[in-house]
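Participant: here is a sequence with its predicted model. Questions after.
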Amino acid sequence: MRYLVISDIHANLTAFETVLKDAGTLGKDYDFVWCLGDVVGYGPDPNECVELLRSMPHLCLAGNHDWAALGRLDIRTFNADARKALTWTRETLTEENLAYLEALPITFVLDSFTLAHGSPREPVWEYILDPLIAALNFKHFETTYCLVGHTHTPVIFKQIGNEGECEPIGPAYNQPTRLNGTRQIINPGSVGQPRDSDSRAAYALLDTERMIWEFRRIPYNIKAVQARMRRAGMPERLVTRLEHGW
Ligand code: ZN
């Protein structure tokens, strides 16, 4: 099976469409979509992104912004800008799309892969930002590989030894790499709001027959998204951060 692995679309339809185009054709270049959560929040196109995702064969996990849009989380724990965007998102989402988000699972296991938005230990909330937090998470999943999003930064944390110690490996784009059986926590990065100082949309391709992982990056029309955000009255800080990639 060939998967398109995406995360943190954050209601950015332009980035999402650009990623889909770059990934190729469904059924020819990939068969199924794994989305690691945060389909909405921050961006101007929550309904459009949910509907585009729903139009494809996919599995999507719940992210903290998806839950916050449902009112499942206390949005006082989000910063002021995120809160403003979330209130707008909640008012904008259709009943049908809210019901879709409502039904998303928080973890998923298939063959040698465990999927979660944040971490296997705290699926909706925890940020795996460094090797220490990654190391602590290895005992919280049984499979060889774990795919996560949430930090908006593409990275692999590879386990060394049995003590859970691990090594961070930065992404090498467009270089298909063999998953060699070493336990790893892998983050494809964010489609709609990258935070690694690279404004291009991030995603990955995974072939589970050949066990090949490939990080990808693609520029998209940021200005078009920013214009829609300004029209929707989104906080300026959220608008400008897209072009800086943080
Ligand atoms: Zn996110």
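Facilitator: Okay, I see it. Numbering: from 1, shown residues only.
Participant: hey, where'd the helices end up in this protein?
Facilitator: 13-23, 46-54, 64-69, 80-92, 95-102, 131-137, 222-231, 236-244 (DSSP state H).
Participant: contacts only, for A134.
Facilitator: Contacts for A134 (C-beta atoms under 8 Å, 6 or more residues apart in numbering) come out as I128, F157, C166, P168, I185. (C-beta placed from N, C-alpha, C; glycine too.)
Participant: from those, keep the buried residues only.
Facilitator: By neighbour count, with 16 or more other C-beta atoms under 10 Å, the contacts of A134 hold I128, F157, C166, I185 as buried.
Participant: nearest to the ion, of those residues?
Facilitator: Among the buried ones among the contacts of A134, I128 lies closest to the ion (C-beta to the ion), at 12.8 Å.
Participant: give the contact list for the closest one.
Facilitator: G118, S119, A134, N137, V148, H150, T151, F157, I185, N187.
Participant: same check on L73?
Facilitator: Contacts of L73 by C-beta under 8 Å, 6+ apart are N64, W67.
Participant: quick check on it: phi, psi?
Facilitator: phi -120, psi 150 (degrees, to the nearest 10).
Participant: got the residues of the chain near the ion?
Facilitator: Contact residues, the chain versus the ion (C-beta under 5 Å from the ion): D8, D38.
Participant: mind doing that once more with 8 Å?
Facilitator: Residues of the chain that fall close to the ion, judged by C-beta under 8 Å from the ion: 7-8, 10, 37-38, 41-42, 63-65, 117, 149-150, 152, 190, 193.
Participant: run through the chain and note the low-pLDDT ranges.
Facilitator: Scanning the chain with the threshold set as pLDDT under 70 gives 163-164.
Participant: now with 80?
Facilitator: 161-164 (pLDDT under 80).
Participant: tell me which residue is most central in it.
Facilitator: S7 (1.5 Å; C-alpha atoms, centre = their mean).
Participant: list the contacts for that one?
Facilitator: Residues counted as contacts of S7 (C-beta under 8 Å, 6+ apart) are 35-38, 63, 117, 148-150, 187-191.
Participant: and those residues, which are buried?
Facilitator: 35-38, 63, 117, 148-150, 187-191.
Participant: among the residues you listed, which ones are in strands?
Facilitator: Using DSSP state E to define strands, the subset of the buried ones among the contacts of S7 located there is C35, N187.
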